[in-house]
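Predicted structure and sequence below. I'll ask about it afterward.
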Amino acid sequence: MTTDAPAIDLTHHFLIAMPGLSDELFGRSVVYVCEHTPKGALGLIINKPTGLTLGDLFERLDLPLGRPEWADLPVLRGGPLQTERGFVLHEDMGEPQPVAPPAAPAPATAADAPASALGAWMQAAGGAAPPAAPAVEDTPAPRPTVYAATLKVLGSGLELTTSRDVLEAVAVGAGPRQMLVTLGYSSWGEGQLESEIGDNAWLTVPADPALLFDVPPQHRYERAMALLGLQPWMLAPGAGRA
């Protein structure tokens with residue numbers, strides 16, 4: 001009698017492309033997995049710059065950059081999906097704090113309602129709003145978060161935000177202390193990532209936040225390999241995974 005293999009959960013792991021993976025976007029890539037369930041996986045490529053900087057992005061969004069020291073940080077190619085939309089990976093900002101109501105509130109009017117912060121960042125004219133959260137189908141509803149559209153990366157102390165309000169916070173010098181911004185994201189359907197790992201397309205290793213925020217993108221592939229005690233030259237195309 002056979003039994004099903006236990007499901008693997010690569011949330012908060014790096015996928016490191018094996019040398020034999022020759023895809024133009026995923027070759028020599030490092031992917032941070034934000035969510036992995038039996039229904040599929042979602043992640044961001046973290047070492048492929050777009051050519052834009054955060055300074056460029058904020059200028060295009062007509063926002064000041066309240067952190068001038070971030071002006072030259074690269075905006076990355078997060079994957080082949082929704083490449084006109086922004087995704088911000090940052091530390092967990094906690095949950096919204098309740099605000100005490102005023103002693104004598106004035107009657108509410110339509111004008112009092114705040115404008116929604118959820119919207120496309122780099123959308124083309126007439127583009128639709130992005131999904132409320134980049135979650136895999138059938139996953140539990142996310143916990144309350146500070147920003148309008150945020151997925152908490154379980155067990156990591158990190159969040160993935162797709163709503164503009166995180167950038168509006170940065171525009172006034174608030175918001176996350178560290179963040180990584182991509183255009184687009186990557187995803188795998190049910191069993192797809194597991195199949196690719198079985199075909200020796202990817203190495204996997206628990207993620208190191210220092211690599212996400214402190215290591216320049218051009219060095220992340222080698223540094224991710226080093227987490228496994230490897231260097232790229234040690235792995236010939238088609239070699240077995242560690």
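Thanks, I have the structure now.

Do a quick rundown of the helices in this protein.
Assigned by DSSP state H, the helices in the chain fall at 54-60, 165-171, 192-198, 209-214, 220-226.

For Gly27, which of those is the nearest?
Proximity of those to Gly27 was assessed by C-beta to C-beta; the nearest stretch is helix 220-226, lying at 10.1 Å. Backbone N, C-alpha and C define where each C-beta goes, glycine included.

I'd like a version of the helices of the chain in CSV, one that adds mean pLDDT, mean neighbour count and distance to Pro80 as further columns.
Written out in CSV, the entries for those read as follows (pLDDT from 0 to 100; neighbours: other C-beta atoms under 10 Å; distance: least, C-beta to C-beta, whole Å):
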stretch, mean pLDDT, mean neighbour count, distance to Pro80
helix 54-60, 96, 16, 19
helix 165-171, 96, 20, 23
helix 192-198, 96, 16, 14
helix 209-214, 96, 16, 20
helix 220-226, 97, 19, 19
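
Save those helices as TSV, and put in distance to Ala149 too.
Rendered in TSV, the data for the helices of the chain read as follows (distance: least, C-beta to C-beta, whole Å):
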stretch	distance to Ala149
helix 54-60	18
helix 165-171	8
helix 192-198	24
helix 209-214	20
helix 220-226	26
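
Phe14: which of these is closest?
Ranked by C-beta to C-beta, the member of these that lies closest to Phe14 is helix 220-226, at 5.1 Å.

by contact count, what packs against the closest one?
strand 13-17, strand 30-37, helix 209-214 (3 or more C-beta pairs under 8 Å, 6 or more residues apart in numbering; DSSP states H and E).

What are the contacting residues of it?
Outside helix 220-226, the residues within contact range by C-beta atoms under 8 Å, 6 or more residues apart in numbering are 14, 16-17, 28-30, 46-47, 203, 205, 211, 215, 231-232.

I'd like these as a markdown table, with distance to Arg85 appended.
A markdown table is the format used below for the contacts of helix 220-226 (distance: C-beta to C-beta, whole Å):
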| residue | distance to Arg85 |
| --- | --- |
| Phe14 | 23 |
| Ile16 | 25 |
| Ala17 | 23 |
| Arg28 | 24 |
| Ser29 | 19 |
| Val30 | 21 |
| Ile46 | 17 |
| Asn47 | 20 |
| Leu203 | 28 |
| Val205 | 28 |
| Leu211 | 24 |
| Val215 | 25 |
| Gln231 | 35 |
| Pro232 | 31 |
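
Would you check which pair of those lies furthest apart?
Taking C-beta to C-beta as the measure, the contacts of helix 220-226 reach their widest spread between Ile46 and Gln231, a distance of 18.9 Å.
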